[in-house]
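Chemist: Could you work out the structure for the sequence below:
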Amino acid sequence: MSDYRLKTMMQKPERLAPGHRMCAGCGATIAVRAVLRGLHEEDQAVIGNATGCLEVSSYMYPYTAWEDSYIHNAFENAGATLSGVESAYRALKKKGKLGEQDRFKFITFGGDGGTYDIGFQSLSGAMERGHDLVYVCYDNGAYMNTGIQRSSATPMYADTTTTPAGTQSAGKPQYRKDLTAIIAEHYVPYAAQTTLTRDFRDIHRKSEKAIYTEGAAFLNVMAPCPRGWRYDMADIMEICRLAVETCYWPLFEVDHGRWTLSYEPKNKLPIEDFLRPQGRFRHLFKPENEHLIGLFQEEVDRRWEDLQYRCARER
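Modeler: Now for the predicted structure:
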């Protein structure tokens, strides 16, 4: 993306108005604003939103922070609801009840609890059926809205209220689910992983591509949570940078089955650089737990090597 194109996207009118009640330093609203900049100004959107932090903080009847048409879904059915709306739109177009000026895109947002876990069934169905919509997961790595409980997106060894670190536990014992790869295996036209990198080129490019690729598309956006991750709210962009540079959260896309790395660090940083600024991993730096950092590194390395192999195979 050129500097001019980036500047143009940053100057677009906001589709998520200020005045919502999300926390300072929250990645979710930054992610939403960045994704919606992918919409062309002449197009309208129908926004779905699974129950979660984003929904309860941006919508309180009769007030909403959303400039486009907005639907609050239950935790488990954001994919199904937008599938129905998109199908109704196609039916109305076919019957000639909508004109050429009625150009709508369909985008739904859900946290990792409502996407990786509770809403996975309806998400999988929407992707498999090929509805022309974009599902965006703002992945903050836990059920943050209800008290920071672990989800299947929570990284191994993270301290949460349901996987507390202590004398008998080192946090969550399981590995994090790789949802982007799982959705790519649905053979959707487009799936991508991104986050809030400093110049926003990656998330802007992938958002526009997802929105304007015909058929089902999926974006997985790492969106840090200052309360759950326990970092200084001003450090959010640095946390995202470290996630990418350590390859904990690699940037890649799968475009019609073709796997491509969007960014490859010149000097891959050790995973402890990502873990150290976050209070949820503080226990790992105690002498009795330091060996666990090595195990965490091994898993990150294994997944990174698998991704590199997949992308190299497609060249």
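
Chemist: pLDDT of stretch 60-74, averaged?
Modeler: Here the mean pLDDT over stretch 60-74 is 91, rounded to a whole number.

Chemist: which parts of it are buried?
Modeler: 64-66, 68, 70-73 (16 or more other C-beta atoms under 10 Å). No exception for glycine: its C-beta is placed from N, CA and C like everyone else's.

Chemist: now for these, which pair is the farthest apart?
Modeler: Between any two of the buried residues of stretch 60-74, the greatest separation by C-beta to C-beta is 16.5 Å, found for 65 and 73.

Chemist: Let's have the buried residues of stretch 60-74 in JSON lines, adding secondary structure.
Modeler: Formatted as JSON lines, the entries for these read as follows, by DSSP: H, G, I helix; E, B strand; the rest coil:
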{"residue": "64", "secondary structure": "strand"}
{"residue": "65", "secondary structure": "coil"}
{"residue": "66", "secondary structure": "strand"}
{"residue": "68", "secondary structure": "coil"}
{"residue": "70", "secondary structure": "strand"}
{"residue": "71", "secondary structure": "strand"}
{"residue": "72", "secondary structure": "strand"}
{"residue": "73", "secondary structure": "strand"}
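
Chemist: Of the residues you listed, which is the nearest to residue 207?
Modeler: Using C-beta to C-beta, residue 68 comes nearest to residue 207 of the buried residues of stretch 60-74, at 14.4 Å.

Chemist: Any idea what the nearest residue to the closest one once chain neighbours are set aside is bridged to?
Modeler: In space, and not counting its chain neighbours, residue 68 is closest to residue 45: 4.2 Å by C-beta to C-beta, 6 or more residues apart in numbering. Beta-bridge pairing of residue 45 under DSSP bridges involves residue 105.

Chemist: which ones are touching residue 45?
Modeler: Under the criterion of C-beta atoms under 8 Å, 6 or more residues apart in numbering, the contact list for residue 45 reads 15, 36, 39, 68-69, 104-107.

Chemist: at 6 Å instead, please
Modeler: Residues near residue 45 by C-beta atoms under 6 Å, 6 or more residues apart in numbering: 39, 68, 105, 107.

Chemist: Neighbour-wise, give me the winner out of those residues.
Modeler: Across the contacts of residue 45, the neighbour count under other C-beta atoms under 10 Å reaches its highest value at residue 107, namely 26 neighbours.

Chemist: where does that residue fall, helix, sheet strand or coil?
Modeler: Classification of residue 107 by three-state DSSP places it in strand.

Chemist: which residues touch it?
Modeler: Shown in contact with residue 107 (C-beta under 6 Å, 6+ apart): 45, 47, 134.

Chemist: again, 10 Å this time
Modeler: 15, 32, 35-36, 38-39, 45-49, 68, 82, 133-136, 207, 210-211, 217, 219 (C-beta atoms under 10 Å, 6 or more residues apart in numbering).

Chemist: So which of those are in helices?
Modeler: For the contacts of residue 107, membership in helices holds for 32, 35-36, 82, 207, 210-211, with DSSP state H as the criterion.

Chemist: List only buried entries from those.
Modeler: For those, a burial check counting by 16+ other C-beta under 10 Å picks out 32, 35-36, 82, 207, 210-211.

Chemist: ok, which pair from the residues you listed is furthest apart?
Modeler: Of all pairs drawn from these, the one with the largest separation by C-beta to C-beta is 82 and 207; the distance is 16.1 Å.

Chemist: Figure out how far stretch 96-106 is from the centre of its chain.
Modeler: Centroid separation for stretch 96-106 versus its chain: 28 Å, with C-alpha atoms, centre = their mean, to the nearest Å.

Chemist: Only alpha carbons, please: show that stretch as PDB.
Modeler: As requested, C-alpha coordinates have been extracted for stretch 96-106 and formatted as PDB (Å, rounded to 0.1, in the frame of the first residue of the first chain):
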ATOM      1  CA  GLY A  96     -35.500  -6.000  -8.400                       C
ATOM      2  CA  LYS A  97     -36.600  -4.500  -5.100                       C
ATOM      3  CA  LEU A  98     -33.200  -2.800  -4.600                       C
ATOM      4  CA  GLY A  99     -31.600  -0.300  -7.000                       C
ATOM      5  CA  GLU A 100     -28.000   0.000  -8.100                       C
ATOM      6  CA  GLN A 101     -27.500   2.700  -5.500                       C
ATOM      7  CA  ASP A 102     -28.300   0.200  -2.700                       C
ATOM      8  CA  ARG A 103     -24.800  -1.200  -2.300                       C
ATOM      9  CA  PHE A 104     -24.300  -3.000   1.000                       C
ATOM     10  CA  LYS A 105     -21.400  -5.000   2.500                       C
ATOM     11  CA  PHE A 106     -21.900  -7.300   5.400                       C
END
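
Chemist: Brilliant, that's me finished.
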